[in-house]
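*Asks:* Build me a model from this:
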Amino acid sequence: MASKKKLLQAAAGSAGGAGLDVDEVFSTYLYDGNSGTQSIINGIDLSGEGGLVWIKRRDGTLNHALFDTERGAGALLQSNLSAGHYTGGDDLTAFNSNGFTLGDGQFTTINYSSYNYASWTFRKAPKFFDVLTYTGNGTAGRTVSHNLGSVPGMIIFKKTSAADGWAVYHRGANGGTDPEDYRLELNENFAQSNRDGFLNDTAPTATHFTVGDGALSNTNGQTYVAYLFAHNDGDGKFGDGTQDIIKCGSYTGNGSTTGPTVDLGFEPQWVMLKRTDSADEWFMYDVMRGFDYSTTARLSADSSSAESPSLSVVPTSTGFQPVISHGSVNASGGNYIYMAIRRGPLAAPTDATKVFALDDSSTTDIGGYTLNSNFPVDFYFFKNKNGGDSISIPRLTVGDLRFNSSAAEEDRSSVMNFDSNTGVTRTSFQGGIDSVDYAFRRAPNFFDVVTYTGTGSARTVAHNLGVAPEMMWMKCRSDTEAWAVYHNNIDSSAPEDYGIYLNDTAQRVDSANFWNDTAPTSSVFTVGTAGKTNGNTQTYIAYLFATAAGVSKVGSFSHTNGGGDTNVDCGFSSGARLVIYKRTDDTGSWYIFDSVRGIVSGSGDAQLELNSTGAENTGFDLIDPYSSGFKIPSNATGTGNYIFYAIA
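*Replies:* Predicted coordinates for the structure are as follows:
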């Protein structure tokens, strides 16, 4: 019997992807080959819904491999070659309800031992993606029906029964003027060309597309596959029923290292772009391989070449931006098309283990350490238990900042590996090897990461937390500045008037320079003129936290020393795995406790301080377990007001 969710989605019909999350229809999944068989579990229902799997070796020269449910699991196409599909290999052997299965892949080596691969999976869904096959009739003006549920933003055509090029329609071709008159080729770096035999100079509609009599789209008796990608423009209907997740558009380069800002209305996790007025490659970027402010990992759909590093395009909270003047992405006056897919998830988490993990590494891990989180890690920090810095490293910058220091960022891309769907690896033990380690995934209502450049004047910065941040940690990456913290419980009436320092024991400070005395909202936060939050031309990172019911809690408590235990109710069902608290009306450290090292009744709690290089201390009783949160013992700390952050 069909699930209630599928019945509701089917009933929605033309409503598109109502109720669907990005993670249900698209996945970037990285894996290592094993020369045998393996199942890639990415959470995408291919057997029930249908779709496309696109695979490319990352660390060497090898052709792309595309498989779709319309042609069958064994039918291979290669985007960088003109060959028809091949059906004789043991490559992708099954489409599953939660991903796909690989064979030994000896023809394309999509699963060869010691090779590293990227896979991109597109699931059929209204207003996101469709795939269909048809047989050409050689007659110009022939129409082909589709089930995309909206006007396609991009269509990729490939003749499957014989060798021929890959033809591409894109709504942004020719700057968006009569794009149906123009054709690009996915397997070539050619500029756009005006070909009326391709789509018969007829724009596609929400129900069908039209083909001419050209060989790349409609030769009589030849078979074709078409991949259709939507363009959401305020009508995406995903998530809560109002959200866009895919955009197909164009931009004009300015030839500067500060390229044009492309506004998508969301932060992308995957971008393909191509110059149209000149020969250049079809570049592919994604956040799993590295789409950040350190080095962007780039593959080309029209090339078998290995992945190459190039800091050329970076994501923003609302889109992306070229950051070089190179002709491939940002020539002055150059015309470019793109397809971009939104970063997920769209839904707030309900299970803390899906967005937060912690571990206790040890001296036995001297060859390298991996925190197995079972989710993609967006932010990682660790603290040496024997004494040393509290080191934080986000995926977006792969830059080392220390909670206990005001020092500028150091690049750690050579020793940190974020390109895994199930964890994060530290290959160098700067700061020590006997540490406690914490990993976060970005998710609505829970946690977000934002990078921005300061202006020196009060301004707003967009974010994707989905709710007003209740706590923010900000640090200047490019210069020596203290960590600035906003917390909505730091004052009972106007918390936006106050700031506090993460790298210090000082009490709260009343200053408009932090947040311009303006409370954050569900879409932006405001920074004032302080160098700590908004120095002119300086670069910054902000970590944003919120209360997600049953998962995390941002709050405060008052405690009277000797006046009995203080029970802090966080709304959890099995206590807290992480607790950070700080006194605000007097000096006090940022104490951090966790369930790996022990939150226990009586003395023996393993206490560390984020603002200190001090070693772990187990000689005090500063926290006790409590089923719905945590407990402050009667004589644990001084009488006063405290802010805290806790995760179930």
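*Asks:* what element comes up after the helix or strand of the chain with the lowest mean pLDDT heading to the C-terminus?
*Replies:* Least confident helix or strand of the chain, by mean pLDDT, DSSP states H and E, is helix 4-12 with a mean of 40. Later in the chain than helix 4-12, the nearest helix or strand by DSSP states H and E is helix 22-25.
*Asks:* Show me what that following helix is packed up against.
*Replies:* strand 116-123 (3 or more CB pairs under 8 Å, 6 or more residues apart in numbering; DSSP states H and E). Using the backbone N, CA and C atoms, a C-beta is placed for each residue, glycine as well.
*Asks:* what angle do the helix or strand just after the strand it packs on and strand 116-123 make?
*Replies:* Per DSSP H and E, the first helix or strand lying C-terminal to strand 116-123 is strand 129-135. Going by axes from the mean of the first three to the mean of the last three CA atoms, to 10 degrees, strand 129-135 is angled at 80 degrees with respect to strand 116-123.
*Asks:* roughly how far is strand 129-135 from the heart of the chain?
*Replies:* Counting by CA atoms, centre = their mean, to the nearest Å, strand 129-135 is centred 29 Å from the centre of its parent chain.
*Asks:* what's downstream of that strand, the next helix or strand?
*Replies:* Next in sequence after strand 129-135, counting helices and strands by DSSP H and E, comes strand 142-145.
*Asks:* That following strand pairs with which strands, and in what direction?
*Replies:* If you go by DSSP bridges, strand 142-145 pairs up with strand 208-211 (antiparallel).
*Asks:* now the strand it pairs with, how far from the centre of its chain.
*Replies:* For strand 208-211, the distance to the chain centre is 34 Å (CA atoms, centre = their mean).
*Asks:* residues of it that come out buried?
*Replies:* Buried residues in strand 208-211, counted by 16 or more other CB atoms under 10 Å: 209-211.
*Asks:* residues making contact with it?
*Replies:* Residues external to strand 208-211 that are found in contact with it (CB atoms under 8 Å, 6 or more residues apart in numbering): 136, 140-146, 152, 155, 169, 198-200, 202, 204, 217-218, 226, 228.
*Asks:* Likewise for stretch 345-354?
*Replies:* Residues contacting stretch 345-354 (CB under 8 Å, 6+ apart): 21-23, 238-240, 243, 245, 355, 374-375, 441, 443-446, 466, 548-552, 577, 647-648.
*Asks:* now the protein, which segments are flagged as low pLDDT?
*Replies:* Across the chain, the ranges flagged by pLDDT under 70 are 1-18, 105-107, 294, 362-367, 428-433.
*Asks:* What are the structural domain limits within it?
*Replies:* Using automatic domain parsing, the domain parsing of the chain gives 21-123, 129-230, 246-342, 352-440, 447-545, 553-647.
*Asks:* so how far is the first residue of the second one from its last?
*Replies:* Domain 129-230 stretches 6 Å from its first residue to its last (CA to CA, to the nearest Å).
*Asks:* Tell me how far that domain lies from the chain's centre.
*Replies:* Taking mean C-alpha positions (CA atoms, centre = their mean), domain 129-230 and its chain are 30 Å apart.
*Asks:* Show me how far stretch 32-42 is from its chain's centre.
*Replies:* 23 Å.
*Asks:* For that stretch, which outside residues touch it?
*Replies:* For stretch 32-42, the external contacting residues (CB under 8 Å, 6+ apart) are 27, 29, 31, 93, 96, 98-105, 109-117, 119, 121, 421.
*Asks:* Now that we have those, which of them are buried?
*Replies:* 27, 29, 31, 93, 96, 99-105, 109-112, 115-117, 119, 121, 421.
*Asks:* can you map out the strands along the stretch 51-200 of the chain?
*Replies:* Ranges of strands within the stretch 51-200 of the chain are 51-57, 65-68, 92-96, 99-102, 116-123, 129-135, 142-145, 152-159, 166-170, 182-185, 193-194, based on DSSP state E, counting those that start in this stretch.
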